[in-house]
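In: Need a 3D model of the sequence below.
(2 chains)
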Amino acid sequence: MTALTTGLGIGIAYGLLGAAAAVASRATRTLHLAIGPAVVLGALVHLVLVADGRPVALALAAGVAVGALASAAVEPLVLRWLDDDGPLRPVGTFVVGAVLATVGARTLGARTVRPTPLLDLPDEVAALVVGLPLAAALAWLLARSRFGAAVRVVGGSPEAARQAGRSVSLVRATALALAGVVGVLAALLAAPMTLLGIPQAAGLTLRAVAAAWLADDRPLVAVLVGLGFGLAEAVLGGVLPGSGADLAVAVVVVVALVARGADSGRAWGRAW
Amino acid sequence: MSRRAERPPTDGPRRAWSRPPRVDRGPVPAPTGGEIGATVAMTAALVGAAYAPEVVVLGWLRLAPTLVLAWAAWLVVGRVGAIDLSLAAAAGLGGLGGGVLAATLGVDGFAVLPLVALGGAVVGATAGAVVGRVGRLAGALATLGLGAGLLAAVRGLEVLGGASGFHAVPLLAGGDRSSALWAAGLVVVAAWVVGAAGRSRPAALAAVGVAAPPVAAAAGRRPVVDVARVGAIGGAVAATAGLLAATATGSVQVEAFGTALAAEAVLLGALAQALRRALPSFVRSQAPLLAGLLVAGPSILFPLAPWVGTAPRLLVAGPVGLALVALLSRRGELPTRPTHVAFPRDAADGTASGEGPHGDDPAGPTPEPAADRSGLVATGLAVPAGDVGLAVAPGEVLAVTGPNGAGKSTLLARLGGQLPGGDVRLDGGLLDGRPRRRAAAGLARAWQRPPAADPADVLAVVAGPAPDLAALDVAEELLPPAHDLTSARARAVLLGLSARRPAVALLDEPAAPFTGAGAAEAVGAWLRSLAAAGTALVVVEHRPEVVAVADRRLEVHRPDAARRPDRPDEADVPAPPGLPNPRRGSLHLGEVAVAPDVCVLDHLRALPGAPGDAHLVQLLSAAPLLAGRGDDPAGWLSGGERQVLGWLRVLAAPTRELVLDGAGRGLDAATLAWAGGQVDRLRAAGVTVDVRPGRPEERPWGADDSDAPDRDGNGTGTKDV
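Out: Next up is the predicted model:
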């Protein structure tokens, strides 16, 4: 029962991360394969500063800022230069993520920090209290706000956005930064319930981007998918302690994608 | 666009692209003389490295695995375009074999190479099948999961002795020089195998299967099989790289085959492909080798500083590699270097290849048209206005015309099986609903948006398993030349249709990608040549020169009331809201682009400086064609309706300077008059309007007010500055 409760709690955190990835995906028309390392970097900055005795608010601001900058860096480093008509953009975001992870491992990775909860609540309750409203806010922002409309136009057709006088780079970078902010919060919600470090960054990327993809970039549905991942970890991960959680999520992701079939539900152009 | 792209194509490159200069027959085309020479030179250099001073030999042993991985990555990521993030895991299996298995069996690493390669092939084939099933982007995600799952399983089994890893055995007994020589041999073999695979027809089929799965299916292909075949070769070579890495470093650690190596692998593949496009022809076959040297060389062979030599490789290789890829990859440019097309061995005379429905290529050849063939008959094809039926005889051209948004492309999609519905019969037999089965029965199609793949690969796929090269030569002379990558791809599709000689060809605006005088007429002549060969053609087209060659026309109408409310009487049209004050900057209104799944109102709300929702709703209500359609996705709009949306963007948040560049395209007479009135309003509000007419009806917009007739009585307008 405890494992299930933890699984639900961590699932909400994964779902929130998926919601953040959904916003990034809507704006960029590609997979944000650097989101894991970016949010882990931000979360580690916060945890290290707290462990060093800095005020929690300052540490949180610093962590969120690092995560936002790291996530938004994908725009000027990759998206601005590489064509979206082929494999180059996902390759570029993945390489940027790997470089971020390498930097993190060299700088923060050697530190051992005890993850501290964000709120003075049980970890699972904190995930629920923070995660669900945040995901709902993201969904509202994307669907109802003017910024969300701009994100969807940029993602649906960068040319349409340019014709409307919108800076495609600025909108994308802002969306990516927002994804980084929310992602760091999600990582901090997950930290007390699971291992969080540079070696886990790739796994977080898989969970976040898969949740967004399977949810067709709808933030609230991404939360449900993330819940599924959390439950899979709780139920199947116990079969193989240590690496069972990663194996369970990997199996669920691959099976879900294969069952679903070819890219669908996206308006990134059709053949006819 | 770069300067190179803006330079008009000379006759040389254009002609080199417009005609495939080299047609290769057989499963594996032979290498060119330049490729052979470059490989011989590479072999000599690699073998020479094995006899260099000891420090070079040790560096070479550390570099060799990266070079082998670069070849594997180029095949899968560069050549085929699949983002396989499990290549590192395949390499990890090789390391496992080279370390654990060899040591357990008490043999040299070389002895387990076949088994290791087989294991890698299984992983690669699985990854390829997954990519073929789910597409490129989802395939990246799935292979990330596949690789992570594999490594998690290995980690969980605890066969590698934990963090310290497992001590691996050498590749071969006999010391480092012996191992270095054999490593050189493995690199050369990998280069030959991958080079041959990259030239082969399966690679072309896989590339289109990844880039455009619906196109591959419509040509009778199974992307799952096509991509898996090439993935198996890539996986086997990647596993060999892992084996080399384990034997070179002497230990096997799971973390060594994780995210960093996966990133390095895909970077190597992308960089190698970018280098291929930039290098001279005699050396471009060695692009993967050069990519490996660029990525791994600085940290292994030539440390620029102690930090570079000891830092994780990706810290230097990542930024450098990405920068090179960005520099070398050009957008939308016509390939200036001729390529070859891999056709099957029997392509010469267009006879059956011997492969039937149960063979490798189920899309069998089309028989000669017989006098008693009835052609294509279809009923119950649902389009927005209702159900449509049609009949096309062999050798007949049926032109499908109608306004944008009437459902012409939808009609073709239902005929081709991309959308379900309708009763479609060919020569009296009911056709299976799936595109692949319809292709096997003799249907083929061209697409409104050409597939985003290399034109040579597109031609190889669309032409089918038994192309008629004589028909291909005729088509090459008839079709207009390509002037950019989009038209090159479109041309490749049309060439492929000629070579395929299908029973039925479905074409969606075949003349659209081609510009220049006589282009539309040339496409019309090509259509007649295809019909003369016995093909029944259904052609969606707007250009009158193409429609003129048709034997019959089918007009598809838009629904009158179902999608558009009746236009109210002029007296009931709400007054347009006042124009907001113009903001700084300039806007250009030409051909309007829209985000298909974003609704009309949100396109306006997304404008910088847009007024409140009430103002926007009022603006929409007063606009022609779009009144009451604020919630409709913009993808539903016809060309004229999109143009009106472009006008509304300008009116919702006008700027001080506005360029109208053919802004009246697709508009009917009443809407043109409305647009003219808006020009006057904008000028009255102080906007400088520069008119570049696309149609004669737009010329009065730019005229001096003293000369132009009053269009609608709303304002007097001012002269353009």
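In: quick one: least confident helix or strand in chain B?
Out: In chain B, the helix or strand scored least confidently by mean pLDDT, DSSP states H and E is helix B:3-6, which has a mean of 32.
In: Tell me which residues touch B:Leu507, please.
Out: B:Leu507 is in contact with B:412, B:445-446, B:497, B:527, B:537-541, counting by C-beta atoms under 8 Å, 6 or more residues apart in numbering or on different chains. C-beta coordinates here come from the backbone N, C-alpha and C atoms, glycine included.
In: could these be laid out in a markdown table, adding pLDDT?
Out: Putting the contacts of B:Leu507 into a markdown table (pLDDT from 0 to 100) gives the following:
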| residue | pLDDT |
| --- | --- |
| B:Leu412 | 90 |
| B:Arg445 | 91 |
| B:Ala446 | 91 |
| B:Leu497 | 94 |
| B:Leu527 | 95 |
| B:Leu537 | 95 |
| B:Val538 | 95 |
| B:Val539 | 95 |
| B:Val540 | 92 |
| B:Glu541 | 88 |
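In: Now secondary structure, distance to B:Gly395 and neighbour count too, for those residues, in TSV please.
Out: Below are the contacts of B:Leu507 laid out as TSV (DSSP: H, G, I helix; E, B strand; the rest coil; distance: C-beta to C-beta, whole Å; neighbours: other C-beta atoms under 10 Å in any protein chain shown):
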residue	secondary structure	distance to B:Gly395	neighbour count
B:Leu412	helix	19	25
B:Arg445	strand	18	29
B:Ala446	strand	18	23
B:Leu497	helix	15	28
B:Leu527	helix	11	25
B:Leu537	strand	9	26
B:Val538	strand	13	27
B:Val539	strand	14	31
B:Val540	strand	19	25
B:Glu541	coil	18	25
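In: measure B:Leu93 to B:Gly128 for me?
Out: Counting by C-beta to C-beta, to the nearest Å, the gap from B:Leu93 to B:Gly128 is 15 Å.
In: Looking at these two, which is more packed in?
Out: The neighbour count for B:Leu93 versus B:Gly128, taken as other C-beta atoms under 10 Å in any protein chain shown, is higher for B:Gly128 (33 against 29).
In: Need the three-state assignment for the nearest residue to that one once chain neighbours are set aside.
Out: Nearest non-adjacent residue to B:Gly128, counting by C-beta to C-beta, 6 or more residues apart in numbering or on different chains: B:Gly231, 2.3 Å away. Under DSSP: H, G, I helix; E, B strand; the rest coil, B:Gly231 falls in the helix class.
In: so what pLDDT did the closest residue to chain B within the stretch 101-250 of chain A get?
Out: Residue of the stretch 101-250 of chain A nearest chain B, by C-beta to the nearest C-beta: A:Gly156 (2.3 Å). For A:Gly156, the model assigns a pLDDT of 91.
In: quick one: secondary structure of whatever residue of the stretch 501-650 of chain B ends up closest to chain A?
Out: Going by C-beta to the nearest C-beta, chain A is nearest to B:Ala595 of the stretch 501-650 of chain B, at 2.3 Å. Classification of B:Ala595 using three-state DSSP returns coil.
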